[in-house]
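*Asks:* What follows is a predicted structure for the sequence shown.
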Amino acid sequence: MQGQVTIEKLSKTYHTRQRKGLFKSEEKLVEALKGVSLEIKPGEIFGLLGPNGAGKTTLIKCLTTLLLPTAGEAWINGFHLTKDDNQIRATVGCMLMGERGLYWKLTGRENMIFFGALYHLSPADRRRRADEIIESLHLGDIADRAVETYSSGQKMKLAFAKALINDAPLLILDEPTNTLDLPSARELRAVVQELNQEGKTVIYTTHIMAEAETMCDRVAIIDRGEVLALGNVPELKASLNREAVIRIEGVISAKASQAVQALPGVSQAATTPVNGHVQLTVVAQDHQALLPRLIETLTAHNAVMQKITPEEVTLEDVFIARTGRTLADDTRVK
């Protein structure tokens, strides 16, 4: 096990009950993880990219000992998952549930000191770490107020602060910029990059492809519990080097999208709501040859096209090429 995190064929299956009528229900198996294998190297920011319901949070809950995997093995910081859980918890900083992991009747500073005690820091070290983090994250104006008075964004920043209290070598951050405004999200990402430059390894889950592109050394694209693609951003984009991406914005029906998908040379076609209209993203072998047939097909299906743009490949395009869906799709089991 050379990686700071090594995962071998990790699986997680839930047993749920689905209601059938008023008095009947039946048991249903949900495979949240399906034999995931990864190695995360020391000192990198490793991104887990996928839509809601892809299995990202389930994976990191297993890695942080909050969930017991159904099968497979993992080693975190040299410790075996399920055998060395106390050591794993001591060497990982987690931001897993956002504001739900905070005590709202305590102040921000009291929250950090309390969680420092759970990591067995001495009283002096708890206060010192809390002071350092409050200064680093510019929380001085709110640190001594009760958390119940915080905005959603302030609670998220405090949840991030809590993850830093034990100065762990590995940080696991689950959608850390969720609910943050743009300046706060930019500030948090800068802090994460600074911590990484100081030597910390970071696992960073997101469904925002721009974050993954700018933040991560390597990315695993996850969907429905499986790793579909793994590599650095240039490698993943290069995997579509023989294909091009065309985006069409306008009024486009589902039938029109399906007709485009059926065109020869089209690998995938997926729609996303944009500004009250529909954006159709088409991944194709030869966009110059395809474009006339694409316009003809959409016109035949009464589509109104406002903008047609051939664009550079993005991580979301890689995801679309692998799945036929966009990252905006929610794949959670209802």
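*Replies:* Done, it's in. In this text, all values refer to a predicted model and were calculated from it rather than measured experimentally.

*Asks:* Low-confidence bits of the stretch 101-250 of the chain, can you list those?
*Replies:* Along the stretch 101-250 of the chain, segments meeting pLDDT under 70 span 240-243.

*Asks:* in it, which spans are helices?
*Replies:* Along the stretch 101-250 of the chain, the stretches classed as helices by DSSP state H, counting those that start in this stretch are 108-118, 123-136, 152-163, 182-197, 209-215, 233-238.

*Asks:* Deepest-packed of these, please.
*Replies:* Among the helices of the stretch 101-250 of the chain, helix 152-163 has the highest mean neighbour count (mean count of other Cβ atoms under 10 Å), at a mean of 22. For every residue, glycine as well, the C-beta is placed using N, CA and C.

*Asks:* Would you mind writing the CA trace of that helix as CSV?
*Replies:* Output of helix 152-163 as CSV, limited to C-alpha atoms (Å, rounded to 0.1, in the frame of the first residue of the first chain):
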residue,chain,number,x,y,z
SER,A,152,-25.9,29.2,6.0
GLY,A,153,-22.6,30.3,4.5
GLN,A,154,-21.1,31.1,7.9
LYS,A,155,-22.1,27.7,9.2
MET,A,156,-20.4,26.0,6.2
LYS,A,157,-17.2,28.0,6.9
LEU,A,158,-17.3,26.9,10.6
ALA,A,159,-17.9,23.3,9.5
PHE,A,160,-14.7,23.7,7.4
ALA,A,161,-12.9,25.2,10.3
LYS,A,162,-13.9,22.2,12.5
ALA,A,163,-12.3,19.9,10.0
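
*Asks:* got the angle between it and helix 123-136?
*Replies:* 140 degrees (axes from the mean of the first three to the mean of the last three Cα atoms, to 10 degrees).

*Asks:* Helix or strand: which one has Ile295?
*Replies:* Using DSSP states H and E, Ile295 falls within helix 287-300.

*Asks:* Next up, phi/psi of Val282, please.
*Replies:* phi -120, psi 120 (degrees, to the nearest 10).

*Asks:* Need the helices of the stretch 101-250 of the chain in a markdown table (columns: distance to Pro69).
*Replies:* What follows is the helices of the stretch 101-250 of the chain, written out as a markdown table (distance: least, Cβ to Cβ, whole Å):
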| stretch | distance to Pro69 |
| --- | --- |
| helix 108-118 | 24 |
| helix 123-136 | 31 |
| helix 152-163 | 22 |
| helix 182-197 | 27 |
| helix 209-215 | 25 |
| helix 233-238 | 26 |
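
*Asks:* Where do the strands of the chain begin and end?
*Replies:* 5-20, 24-40, 45-49, 71-76, 79-80, 92-95, 170-174, 201-206, 218-223, 226-231, 244-251, 266-274, 277-284, 304-311 (DSSP state E).

*Asks:* closest one to Thr149 among those strands?
*Replies:* Of all the strands of the chain, strand 92-95 sits nearest to Thr149, with 20.9 Å by Cβ to Cβ.

*Asks:* Out of the strands of the chain, which one sits most buried?
*Replies:* A comparison of these by mean neighbour count, using mean count of other Cβ under 10 Å, puts strand 45-49 on top with a mean of 26.

*Asks:* partners of that one in the sheet?
*Replies:* strand 201-206 (parallel), strand 218-223 (parallel) (DSSP bridges).

*Asks:* Output the last one in CSV, but only the C-alpha positions, please.
*Replies:* It stands for strand 218-223. Output of strand 218-223 as CSV, limited to C-alpha atoms (Å, rounded to 0.1, in the frame of the first residue of the first chain):
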residue,chain,number,x,y,z
ARG,A,218,-6.3,14.0,-10.4
VAL,A,219,-10.0,13.3,-10.7
ALA,A,220,-12.2,10.1,-10.5
ILE,A,221,-15.5,10.5,-12.3
ILE,A,222,-18.1,8.5,-10.3
ASP,A,223,-21.6,7.6,-11.3
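
*Asks:* tilt between it and strand 5-20?
*Replies:* Going by the same axes, to 10 degrees, strand 218-223 makes 20 degrees with strand 5-20.

*Asks:* How far away from the center of its chain is strand 218-223?
*Replies:* How far strand 218-223 lies from its chain's middle: 9 Å, per Cα atoms, centre = their mean, to the nearest Å.

*Asks:* Next: the first one.
*Replies:* Relative to its chain's centre, strand 201-206 lies at 8 Å (Cα atoms, centre = their mean).

*Asks:* shift numbering so it begins at 10
*Replies:* New numbering, starting at 10: the last item is strand 210-215.

*Asks:* can you list contacts of it?
*Replies:* Contact with strand 210-215 is made by 13-14, 49-58, 65-66, 69, 72, 178-186, 201, 204-205, 220-221, 224-225, as judged by Cβ atoms under 8 Å, 6 or more residues apart in numbering.

*Asks:* ok, now with 6 Å
*Replies:* Contact with strand 210-215 is made by 13, 51-52, 54-57, 65, 179-184, 205, 221, 224, as judged by Cβ atoms under 6 Å, 6 or more residues apart in numbering.

*Asks:* Same check on the last one?
*Replies:* Outside of strand 227-232, the residues that reach it under the criterion Cβ under 6 Å, 6+ apart are 47, 55-59, 63-65, 221, 236-239, 241, 328, 332.

*Asks:* 7 Å instead?
*Replies:* With Cβ atoms under 7 Å, 6 or more residues apart in numbering as the test, strand 227-232 has contacts from 47, 53, 55-60, 63-65, 221, 236-242, 245, 324, 327-328, 331-332, 340.
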